[in-house]
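Engineer: what's the 3D shape of this:
(chains A and B)
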Amino acid sequence: MNTPQLTVSSSPHLHQKSSTASIMYHVSAALAPALLWGVYVFGLRALLVVLVAIAASMLSEYLLGRFSDEFTLWDGSALLTGLLVGLNMSPSVPLFIPAVASAFAIFVAKWTFGGLGANWANPALAGRVFVFFSFTTPMSSFVAPRTLAAAMPDALASATPLGMVKTAISGGSVGLDANALLAQAGYPATDLARSIAQATGFSAYTIDTFIGNVAGCIGEVSALMLLIGGLYLMIRKIITWHIPVVYLASLGLFSWIFGGIPTAQGLFGGSFFASLFTGGLMLGALFMATDFVTSPITRKGQVIYAIGCGFFTFLFRYFGGMPEAVSVSILLMNVITPTIDRFIVPRKFGDTRQQRKLAKERAV
Amino acid sequence: MHKVPTFSKGGVHPDDKKVFSRLQAIERLPMPGELVVALSQHLGSPAKALKAKGDTVVRGEKIGEASGFISAAVHAPVSGVVKEIRQVTLANSVVCDAVVITPDSEQPPFEDKTVDWTSLSESELVAKIKEMGIVGMGGATFPAHVKLTIPRDKRIDAFVVNGVECEPYLTADYRIMMERADEALQGALICAKATRAPRVIVGVELNKKDAIAHLRSVVEQKGYPIEVVGLKVKYPQGDEKQLLKATLNREIPSGKLPLDVGAVVANIGTCVAIYEAVTQDKALYERVVSVTGECIANPKNVLAPVGTKVSDLLAFCGGFSSDPDKLVSGGPMMGFSFFDTDTPLTKGFSGLLALKGQKKVPTTACLNCGRCVAACPIGLVPAQLYRLIDNGEYAAAMANSLMDCKECGCCAFVCPAHIPLVHGMKTGKKLGRKK
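Structural biologist: Next up is the predicted model:
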């Protein structure tokens, strides 16, 4: 019998069909609904911003690949980083800003620490935070979404709902919750949201922020579209529910319990839902906090990490100077991730409570 | 609702691929032209050859003597003449001496005699099992007499038969359960007697519902005191640690044996071998092997003498239907790939797979995704262990329970970065032990 050429390698000889690249492309695909919504409400200019971010990110990766041992452009991670940077930009931002943010993300946040898998901070977030503090004014000037353009004066359009609330609170407004503050400022709502609000009892602002009829970054405005993408990732088993659900739940709980304090409504005076659909939280919880590289490796660690994200987001939003605070909170928890991984290890098989008790008794 | 038992921690769900050989009844291989009987077919020290070149041997005659407690005897699988004693490389890369036998053209007929075993004492049973060279046939090839010798200070309350066969492709144990259920169950009762276990449980995964039904009908018919438990399909349930968790909800601590939690586990094929050894004086010199995979022309379950060359098995199954990329002995998750078709069949050789390679995906850096951690049935952090081993920090890897890794392959199976995690663990253990 003639023998064919055979491979000899270590077991296992089967592999689940998944790869780094397929994960990156799936996550990118899951962001498509949010991108499409952003382009719909903010126009083609938004698409241009995202494309510039992606181009800059992939160009940076290409250049670094040319000068290093490994060429990693096609593992999809640069595409995803660029896409995330673009979605985190205001639609009106000057085009050099997304390019700078992407370049910072790839050159500084990712490659100075050793490239994919070795970075301690989520590159897209690091890029966004870098340009946010470098070019604060253009980064925090927004435009009205198409669906509200007629009803929204320019003065209102330049700020996000959370920004408005923040300004009102620091101006000494007392005794009103976020929705009431928005109403006081004359923030408009769509007719659709008003009619849904009437039928369900939710605030029209909550409905609008859920659907995405607000001013904000290109990819963060529609919680609905982000949730669709997030659900897709969970169904494909690319991410698990732990980080997003715990992050949202802990922020909701903190806001409900302590969120009333700045407006003098006391404990349990805050709203659980008001803060969940705003300020890029969905984008952060579903797509940024879940970044594998910068989140803990164990499920238990991931839960602790997500509670931390929720806590810091709450703290910065209600007691800090930042209205949104999602990026900074996640970055802060990225820093703590190695520590979590060091101390939170899975329970070893056979290391049961019963066994430990027995061992203790024997030692005595 | 009644919950179907399984183990709780980790595990993966590979496609079971048993369809190739599932319906093929066990067939006896025609006598090969030459048999290469390895003297190290078991865990422990190799057997010592009792024959030399030119000697004649009779089927069932001992040709290798166990050397030490953890060792097993080797018997002649056929009657014939010893052609030579030469060094061979087995599928798992073990290099050892082998007795090469040219079979006679006339073989003695298989006798149909059985002795009643119920009158034999525990020690007589164990002595018989030792004499007949029985080893675990699931793949680990641990000498059976060692497993069944229970220290005085230990008590066993359950004997668990492993009919899980959780490795994809393999169907040898399934066919044994379908065709030789009574012998297997009696073998289990023999083991239960030898270990003084009051309870006998057979664990079978639910992808073999007909085998469960068949075992139950035999148990009912004969009135055996045996429970047959259906288990939810999950790899690696066929590992004794996972099997005991699934059937008895007991966890074996690190570095301990099943008997430390009051149980003994044996593979269902081993039970048949034990039955034959005790009642028919038949040594373990042949076994059922699934010859299967995408590239085998006619997949079969073959009863072949130990020492049969892989090429004879392949020829019996019609050769390759297309060129394989890998030949594997055992299952695809833990089996060994090899390249030499002269490699001989050994007692632990449960499957011969000819596999089409999967599309090559480049290895990337670890993403820290945690899938290996979620998949590890032992609760290790494979990514971290691999990093330590890769950096040469073997002592640190050992301190992080590297030795508890049983190389089941779950971590490497799920790794999206395609990091050869199991390969790393094996290397780390070898180098870590040396120091």
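
Engineer: how many other residues sit next to residue 257?
Structural biologist: With no chain named, the answer covers chain A. The burial count assigned to residue A:257 is 15, neighbours taken as other CB atoms under 10 Å in any protein chain shown. Placement of C-beta: from N, CA and C, glycine included.

Engineer: I was thinking of chain B, sorry if that wasn't clear
Structural biologist: 14.

Engineer: got it, and residue B:114?
Structural biologist: 14.

Engineer: mind checking pLDDT for residue 298?
Structural biologist: Went with chain A since none was named. As predicted, residue A:298 sits at a pLDDT of 94.

Engineer: switch to chain B, please.
Structural biologist: 96.

Engineer: with residue A:29 instead?
Structural biologist: Residue-level pLDDT assigned to residue A:29 equals 97.

Engineer: sec struct for it, please.
Structural biologist: Under DSSP: H, G, I helix; E, B strand; the rest coil, the three-state class of residue A:29 is helix.

Engineer: contacts only, for residue B:421.
Structural biologist: Going by CB atoms under 8 Å, 6 or more residues apart in numbering or on different chains, residue B:421 touches B:372, B:382, B:383, B:386, B:411, B:412, B:415.

Engineer: filter the residues you listed down to the ones near chain A?
Structural biologist: Restricting the contacts of residue B:421 to those near chain A by CB under 8 Å from any CB of the partner chain leaves B:383, B:412, B:415.

Engineer: ok, the last one touching residue B:370?
Structural biologist: Going back to what we said before, that points to residue B:415. No - Residue B:415 is not in contact with residue B:370 according to CB atoms under 8 Å; the separation is 10.8 Å.

Engineer: give me the below-cutoff pLDDT ranges for the stretch 201-350 of chain B.
Structural biologist: Scanning the stretch 201-350 of chain B for pLDDT under 70 picks out no residues.

Engineer: one more pass at 90, please.
Structural biologist: Scanning the stretch 201-350 of chain B for pLDDT under 90 picks out B:254-256.

Engineer: near chain A, which residues of it?
Structural biologist: So far as CB under 8 Å from any CB goes, the stretch 201-350 of chain B lies against chain A at B:241, B:245, B:251-254, B:256, B:311, B:314-315, B:319-320, B:323-328, B:332-339, B:341.

Engineer: for the residue most central in space within chain A, give me its contacts.
Structural biologist: In chain A, the centroid-proximal residue (CA atoms, centre = their mean) is residue A:284; its distance is 1.1 Å. Residue A:284 makes contact with A:247, A:309, A:313, A:326, A:327, A:329, A:330, according to CB under 8 Å, 6+ apart.

Engineer: isn't there a helix covering the fifth one?
Structural biologist: Yes - note on residue A:327: a helix contains this position according to three-state DSSP.

Engineer: need the contact list for it.
Structural biologist: Counting by CB under 8 Å, 6+ apart, residue A:327 has contacts A:88, A:125, A:128, A:129, A:132, A:280, A:284, A:288.

Engineer: domains in chain B, as residue ranges please.
Structural biologist: B:1-29+B:109-358, B:371-434 (automatic domain parsing).

Engineer: and chain A, by the same measure?
Structural biologist: Each domain of chain A is listed here as a residue range: A:21-139, A:184-343, per automatic domain parsing.
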